[in-house]
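Student: Following is a predicted model, sequence given first.
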Amino acid sequence: MDYNFSEIEKRWQAYWKENQTFAAEENSEKPKYYVLDMFPYPSGAGLHVGHPLGYIASDIYSRYKRHLGFNVLHPMGYDSFGLPAEQYAIQTGQHPKITTEENIATYRRQLDQIGFSFDWSREVRTSSPEYYKWTQWIFIQIFNSWYNKATDKAEDISTLIAHFEQHGTANLNAHTDSEIQFTYEDWSFYNEKEKADILMDYRLAFLADSFVNWCPALGTVLANDEIKDGLSERGGHPVERKKMQQWSMRITAYAQRLLDGLDTIDWTDAIKEIQRNWIGKSKGASIEFDVENSDKKIEVFTTRPDTIFGVSFMVIAPEHEYVTELTTDAQKEAIEAYVKYAASRSERERQTEVKKITGAFTGSYAIHPFTGKQIPIWIGDYVLAGYGTGAVMAVPSGDQRDWDFAKHFGLEIPAVIEGQNVEEGADDNKNGIICNSEFLNGLPVKKAIGAAIKAIQEKGIGKGQTNYRLRDAVFSRQRYWGEPIPVYFENGIAKTVPMNELPLTLPEVDKYLPTEDGEPPLARAEDWSYKGNPLETSTMPGWAGSSWYLYRYMDRERNHGFAKVSNLDYWKNVDLYFGGAEHATGHLLYSRFWTKFLNDKGFIEIDEPFQKLINQGMIGHHANYIFKVNIELEVEGIEKIAAVQATNLFPFYVSKEIAEEYSKSGITNLPDLEIGLAKFENIISNSIYDKSKTSNILKFHRFQIKSITEVPIDIKFVDNDSNFLSQKFLENSSELIRQKHVFVSYNNQIKCDREDNVKMSKSKFNVVNPDQIVEKYGADTLRLYEMFLGPLEQAKPWDMDGIEGVHRFLRKFWRLFHDKENNYIVTNEKATKEELKALHKTIKKITEDIERFSFNTGVSAFMICTNELTDLKCHKKEILEQLVVLIEPYAPHIAEELWNKMGNSGSISTAQFPKFDGKHLIESSHKYPVSFNGKMRFTMELPLDLSKDEIEKTVLESEDAVKWLEGKAPKKVIVVPGRIVNIVI
RNA sequence: GCGGAUGUGAUGAAAUUGGUAGACAUGCUAGACUUAGGAUCUAGUGCUUCACGGCGUGUGGGUUCGAGUCCCUCCAUCCGCACCA
């Protein structure tokens, strides 16, 4: 073979490993450059072709920076706590630690064979006690801190205690949920528990009640996306909104700084906008409404206090603390039913299904603060409890959701903006003039807002206020496979495990499930206590470990706290960060929060973790589905068998066509029972199903289809063109068939449904693994191909169609150095003008493309250059040596090989990057496109030193121009020297 | 619903400041070499037309000598929305 990539790649990968080629230097004089990839969760499916996309891009940039003389830090690790390993543990009993280690080993092998220039001496794993010791340490730091708004910083809790001891809450400007005011004397009389409770309202990591999606049957809390139609995705159990005591992080204290920081970092506007929205700063007013015959006041926040005269009712969340009290006896039944219904709906559903308008009247009335009118108080699930005050003053003329609610329940819609047609819908634009609003009449909206706030303040019923949509982040997880929270409870008081006893390691448990009482899995551990006091049983969320890992990489010695101070000072923050945009509001916000916190406490100098961010697009792939028919059987002589049981007993799968046919038949009794039966017989005659064991079951006389569910099926079992389930799969004993699943088909063929461009995941069985590609074409081809697919930031489907072309290119590149017999043919001849032009054009293009992260056009540039040099029959070292350095970031293995063949020793990785010299590109003439009325008609080669007038004259006199002018005189001629000529006729 | 993005040949795409639309690949067609081709090489390939030409960057409009690029309208698709990571 001419270009023996597998031998070359293995050799150089071994060389890099042996020589620690890519280890970042300690105590370097060079300028630093820190390139980081979001570390992967090591899933059981292994690395798929989507993962390396970002890694290749970051690797190209890292290698490029090394050529420019930077000390590059380019590490990799694993975000190795997470649900999938825990799910697997629940199913199989295998410790997640073992699963995770196996998966990491696979990832490492796969990463190594792609030839990344990672500094593996700094690897981190969030699940290793050595690492999470410091995650726990940071948690304790946060727990022992409060936010002083006066200094606009997190401070040690001791300064707060000192303030309480001297002044009580007087002159305190803290970020807190507490409204309790007390004097220093009060404080001195509080007992330990009372003090602890007060401090808890100030701590940045704190215990509080939060709403969660509780699934009683599973005994666990579910994520929004684990819930489908109010039922758990796994098992289909009911889920309810429930208040539970949870650890939370007071990220809201940082809302303004998180907002301001966005202006200092180089991220895309899209991501910044998402974060701005998430933080959701809004200016408006908080207003308290009195309630008739009650001393309760309902507090609302509105951005439109100017529309206060448009309020015709109030809506409070079904979970609002006053619901019970506000409900009159007459409405009791309705309200209770509605509260129960609302609890069954997920927050997502409540936000999404806006057309489904539901609510109930409490029977109570609030009093309008200005008009004194009665305002009915409703509950409605479009108002979310965890959001703002959990109550809104409804202005149906100004807010579409309020308008929909009013229409649905026949409530009044008073107009407050001149010219408003309240029958058509709400009008939320801020350009109108206020009317029907007493003292606000005639004011434009923007002025009215100020006037309304002033009036509200004067009346003492509220004040102007800035609100943030951002909520405190729930930090507890009722799971096993996460960092234990280093807290124990002594007489009900939360205390942290002493620093010198960290890490608090995960205990062994008999099962990875919650206890019978619904306690998290850690409660199963024997003696899960600290000095006789119970330890916290919830664990930390996935974002804990990933919020600070960038600092751990800076210190390879792992011997100096969470990271060595001198190294923190040298590396500062990540210069260039690669990762998916899906982390926009999770990881990317939380790590900014922790960085600001660590900065406040003086542990680090920097304020933002990631200076520049690149979001690589997702690589999707098609997924295939078949349809599982869930039936209810009536077996001869026996009672009806329930749906779930029948399905398990006799599950069958059908193609999309049959599923649709079944769906159309109303999912009741099948009209063509015989046909249905015949299909079963057909299967049996095809011996897909064990006949001997089914004879009894088949004696049913009726079956009902209860539902049809889509089930993903491994793409490797499905023919790519026809979407038929492969014959092999049907014939051979597969896993599904071993479980006695039946496939109903026509002519023994099952056509699967196909969905294109789906995110690759183990659960969809559509993962494309890079291993076979590397084996067949080599890592350099994979690297180039992934870059060649399209713009890095754009989502794109994976297909293998173009990979041959990229591979052919590398072989063509190889042939610039070798003849047909694979003899090395590079010469020391002097390069020609054309050859230098081809090279420098490429140097310019490649440099610009890397700088703007346009790697796909970079690959094209290499192809063009190689094509040109091949045509020029150029085999000259003067040209090729530079070209090899140029291509090294993209295709490092072949570059190392050729670099050494050309007589260089050692690695190419720090060779100087070629410098562009414009003198090779200077042209003496330009091929001018000549347009008539903007349409290009012909081109004309003209010297570049001609003046505008000379160009115009020459062009107009040309034969082509005369033909196109058709004897008419041009109205206007536009000449842009060096570019175009446009003639207007 | 709210928020963010994307629409260009048969396909992945290119066109960096408004200046020759479709570079570079894939696929396809024809040819060469070959016992053979899933190897290699050559030519062609936006649509339409015998041709001259006409039409072409999701839709409709606007600005401009000139628009894929700027402005407005509508449509379609994808992504995120707080316990997936």
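Tutor: Happy to help now that I have it.

Student: Give me the average confidence score over stretch A:328-347.
Tutor: Along stretch A:328-347, the predicted confidence averages to a pLDDT of 84.

Student: hmm, that stretch touching RNA strand B?
Tutor: Yes: counting by C-beta under 7 Å from any atom of the strand, contacts between stretch A:328-347 and RNA strand B involve residue A:347. C-beta coordinates here come from the backbone N, C-alpha and C atoms, glycine included.

Student: what residues does that stretch touch?
Tutor: With contact meaning C-beta atoms under 8 Å, 6 or more residues apart in numbering, stretch A:328-347 is reached by A:211, A:213, A:224, A:227, A:230, A:238-242, A:318-319, A:323, A:327, A:350, A:358-364, A:379, A:381, A:384, A:386.

Student: give the contact list for the residue of chain A found nearest RNA strand B.
Tutor: Using C-beta to the nearest atom of the strand, the closest approach of chain A to RNA strand B is made by residue A:223 at 1.7 Å. Residue A:223 sits next to residue A:213 when contact means C-beta under 8 Å, 6+ apart.

Student: likewise residue A:299?
Tutor: Under the criterion of C-beta under 8 Å, 6+ apart, the contact list for residue A:299 reads A:286-289, A:389, A:391.

Student: how about a cut-off of 7 Å?
Tutor: Remark: with contacts taken as C-beta atoms under 7 Å, 6 or more residues apart in numbering, residue A:299 is in contact with A:286, A:288, A:389, A:391.

Student: Out of those residues, flag the one nearest to residue A:584.
Tutor: Proximity of the contacts of residue A:299 to residue A:584 (C-beta to C-beta) peaks at residue A:389, which lies at 26.9 Å.

Student: ok so, going back, pLDDT wise, what is the residue of chain A closest to RNA strand B at?
Tutor: As predicted, residue A:223 sits at a pLDDT of 79.

Student: from what I can see residue A:308 touches residue A:452, true?
Tutor: Yes: at 5.9 Å, residue A:308 and residue A:452 qualify as touching, with contact defined as C-beta atoms under 7 Å.

Student: of these two, who's got more company?
Tutor: More neighbours surround residue A:452 than the other of residue A:308 and residue A:452, with 28 against 25 (other C-beta atoms under 10 Å).

Student: Ranking by neighbours, what's the top pick from the contacts of residue A:299?
Tutor: Most neighbours among these, by other C-beta under 10 Å: residue A:391, with 22 neighbours.

Student: list the buried ones in stretch A:849-864?
Tutor: Residues of stretch A:849-864 classed as buried by neighbour count (16 or more other C-beta atoms under 10 Å): A:849-850, A:853-856, A:858-859, A:861-863.

Student: where do the helices sit along the stretch 51-200 of chain A?
Tutor: For the stretch 51-200 of chain A, the helices defined by DSSP state H, counting those that start in this stretch occupy A:51-67, A:83-92, A:96-112, A:129-143, A:157-167, A:184-189, A:192-200.

Student: how far off helix A:192-200 does the fifth one point, in degrees?
Tutor: An angle of 110 degrees separates the directions of helix A:157-167 and helix A:192-200 when computed by axes from the mean of the first three to the mean of the last three C-alpha atoms, to 10 degrees.

Student: Tell me which residues are up against the lengthiest helix in chain A.
Tutor: Among the elements of type helix in chain A, defined by DSSP state H, the one spanning the most residues is helix A:833-851. Contact partners of helix A:833-851, identified using C-beta under 7 Å, 6+ apart, comprise A:60-61, A:64, A:855, A:857-858, A:861, A:865, A:868-869, A:872, A:874, A:876, A:879, A:882-883, A:886, A:889, A:914, A:916-917, A:920-921.

Student: If we use 8 Å, what do you get?
Tutor: Outside helix A:833-851, the residues that touch it by C-beta under 8 Å, 6+ apart are A:60-61, A:64, A:831, A:854-855, A:857-858, A:861-862, A:864-865, A:868-869, A:872, A:874, A:876, A:879, A:882-883, A:886, A:889, A:913-918, A:920-921.

Student: what's the answer for stretch A:791-809, then?
Tutor: Stretch A:791-809 has contacts (C-beta under 8 Å, 6+ apart) with A:49-50, A:53-54, A:57, A:268, A:614-622, A:756-757, A:760, A:768, A:773, A:777-778, A:781, A:784-785, A:788-790, A:853-856, A:859, A:862-863, A:866.

Student: Also stretch A:413-422?
Tutor: The set of residues external to stretch A:413-422 that reach it, using C-beta under 8 Å, 6+ apart, is A:306-307, A:309-310, A:312, A:395-398, A:403, A:406-407, A:427, A:432-437, A:445.

Student: 6 Å instead, please
Tutor: Residues outside stretch A:413-422 that contact it (C-beta atoms under 6 Å, 6 or more residues apart in numbering) are A:307, A:309-310, A:312, A:396-397, A:406, A:427, A:432-437.

Student: buried residues in that stretch?
Tutor: Counting neighbours by 16+ other C-beta under 10 Å, the buried set in stretch A:413-422 is A:413-417, A:420, A:422.

Student: For the helix or strand where residue A:288 lies, name the packing helices and strands.
Tutor: Counting by DSSP states H and E, the element that carries residue A:288 is strand A:281-291. Using 3 or more C-beta pairs under 6 Å, 6 or more residues apart in numbering; DSSP states H and E as the contact criterion, the neighbours of strand A:281-291 among helices and strands are strand A:297-302, strand A:360-367, helix A:445-459, strand A:462-468.

Student: Follow the chain on from the shortest one and name the next helix or strand.
Tutor: Proceeding N to C from strand A:297-302, the next assigned helix or strand is strand A:313-316, under DSSP H and E.

Student: Please spell out which residues along the very next helix or strand once past that following strand are buried.
Tutor: Following strand A:313-316 in sequence order, the next helix or strand is helix A:323-326 (DSSP H and E). Neighbour-count burial for helix A:323-326, counted by 16+ other C-beta under 10 Å, picks out A:323, A:326.
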